[in-house]
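Q: Sharing a model that was predicted from the sequence below.
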Amino acid sequence: MSISKFIKRNLTSFQRSKQKKKVISTIYNTEQKNEDVINIHRIDENNVGDFFCAPHLYFDELKGKSLDIFDYKSTDQSVSDNFINSVSNNSLIIGGGGLLNRGSFAQQLKVFENLSAKGKKTVLWGVGHNEKDQSRFGKVNSYNIATDKFGMVGVRDFSTKNTWVPCVSCLHPIFDTPYSVSQETGIIFHKKTIKDKTLLKKLKEYPSTSNTTNLDDMISFIGKSETIVTDSYHAMYWSMLLGKKVIAIPNSSNFYDFKYQPVFSSFNDFDTQLKNTQSYTGLLEECREINLKFAETVFNYLNL
């Protein structure tokens, strides 16, 4: 890396750090209101799971009421001002996605937790832990926030003491589309894994896609596959909703805390596990019913 690029990168990092502190301080020093509601999550168009895991996409009461959780660090003054105003003036629905136990979202979640003491109505909806330390996989039993300080809590992690509310994306009508199976095994890569050219070359005999594609193409790919191999959480989840056999290649703690477990393996030897897979029936209906009941309770709490 050249000296100029190094300086530029560090200057940008410094500016964002300064901006984050300023935004947080401004929110804490602003009168908190519950005039309407805003749904805060990671709006990432390059990760189809992150993009479609938010309640505002599925309920008329929340249409057009969304905010990217990363906007608080934007150096664009209009973006950061909008974040401050949206958070300060509205009740908050946080989620879904793997927002917990992840450094990228820790400061924002702590702000939302603390605002409850200022009369802010807050809801956690379909969020879950997302630790990257492999030594913690299958062992996470606590969060980096106090969930009891939020007004309502529904998490996608089944083993916790909190109410289980799986990802709300199950409500998307695309899961009602019938598909015909035309391939035995399909691979769905995470957006980071798809950049590994050596791995792609090694597995070139298998049909594949990634979570950087659009929802229609991903669900169609899942639909025509008998078994899905993936290191994407939502690809695992959506495959299960469609009754597919799943082999998960975990890259985060979140894979281990879904109610129904896939077969866990690696890209090096998943083919030896194909015979051990199983599918689940009725999962789509179960997840939809839970989310609809949770929504009713949330909307009563928020007076929507």
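A: It's in.
Q: alpha carbons only for contacts and neighbour counts from here, please
A: Will do.
Q: Point out where the stretch 1-150 of the chain drops to low pLDDT.
A: 1-14 (pLDDT under 70).
Q: hmm, 50 instead?
A: Scanning the stretch 1-150 of the chain with the threshold set as pLDDT under 50 gives 1, 6-8, 10-11.
Q: Show the residue spans covered by the strands in it.
A: Using DSSP state E, counting those that start in this stretch, the strands of the stretch 1-150 of the chain run over 36-41, 66-68, 90-94, 97-100, 122-129.
Q: can I get these in TSV with mean neighbour count and distance to Met152?
A: Formatted as TSV, the strands of the stretch 1-150 of the chain follow (neighbours: other C-alpha atoms under 10 Å; distance: least, C-alpha to C-alpha, whole Å):
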stretch	mean neighbour count	distance to Met152
strand 36-41	24	14
strand 66-68	19	18
strand 90-94	24	9
strand 97-100	25	16
strand 122-129	26	5
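Q: the helices in this structure, which residues?
A: Applying DSSP state H to the chain gives helices spanning 3-28, 48-51, 77-89, 103-115, 197-202, 215-223, 233-241, 283-301.
Q: What's the local residue count around Gly64?
A: Burial measure for Gly64: 11 neighbouring residues, criterion other C-alpha atoms under 10 Å.
Q: residues in contact with it?
A: His56 (C-alpha atoms under 8 Å, 6 or more residues apart in numbering).
Q: same thing but at 10 Å, please
A: In this structure, Gly64 makes contact with 38-39, 56-57, judged by C-alpha atoms under 10 Å, 6 or more residues apart in numbering.
Q: out of those, which one sits closest to Val79?
A: Closest approach to Val79 among the contacts of Gly64 (C-alpha to C-alpha): Ile38, at 15.0 Å.
Q: Run through the bridge partners of that closest one.
A: Leu92 (DSSP bridges).
Q: Show the contacting residues for it.
A: Residues in contact with Ile38, defined by C-alpha under 10 Å, 6+ apart, are 56, 62-67, 86-87, 89-94, 122.
Q: What's the end-to-end length of stretch 154-167?
A: End-to-end distance for stretch 154-167, by C-alpha to C-alpha, to the nearest Å: 10 Å.
Q: now for the helices of the chain, which one comes closest to Val155?
A: Ranking the helices of the chain by proximity to Val155 (C-alpha to C-alpha) places helix 283-301 first, at 10.9 Å.
Q: Which strands or helices does that closest one pack on?
A: strand 122-129, strand 152-155, strand 163-164, helix 233-241 (3 or more C-alpha pairs under 10 Å, 6 or more residues apart in numbering; DSSP states H and E).
Q: Give me the angle between that helix and strand 122-129.
A: 150 degrees (axes from the mean of the first three to the mean of the last three C-alpha atoms, to 10 degrees).
Q: Convert the C-alpha atoms of helix 283-301 to CSV, please.
A: The C-alpha coordinates for helix 283-301 follow below in CSV (Å, rounded to 0.1, in the frame of the first residue of the first chain):
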residue,chain,number,x,y,z
LEU,A,283,-41.1,-24.9,9.2
LEU,A,284,-42.3,-22.2,6.9
GLU,A,285,-45.7,-22.2,8.5
GLU,A,286,-44.3,-22.3,12.0
CYS,A,287,-42.0,-19.3,11.4
ARG,A,288,-44.7,-17.3,9.8
GLU,A,289,-47.2,-17.9,12.6
ILE,A,290,-44.6,-16.8,15.2
ASN,A,291,-43.8,-13.6,13.4
LEU,A,292,-47.4,-12.7,12.8
LYS,A,293,-48.3,-13.2,16.5
PHE,A,294,-45.2,-11.2,17.5
ALA,A,295,-46.1,-8.4,15.1
GLU,A,296,-49.6,-8.1,16.7
THR,A,297,-48.0,-7.7,20.1
VAL,A,298,-45.4,-5.2,18.9
PHE,A,299,-48.0,-3.1,17.1
ASN,A,300,-50.1,-3.0,20.2
TYR,A,301,-47.1,-1.9,22.3
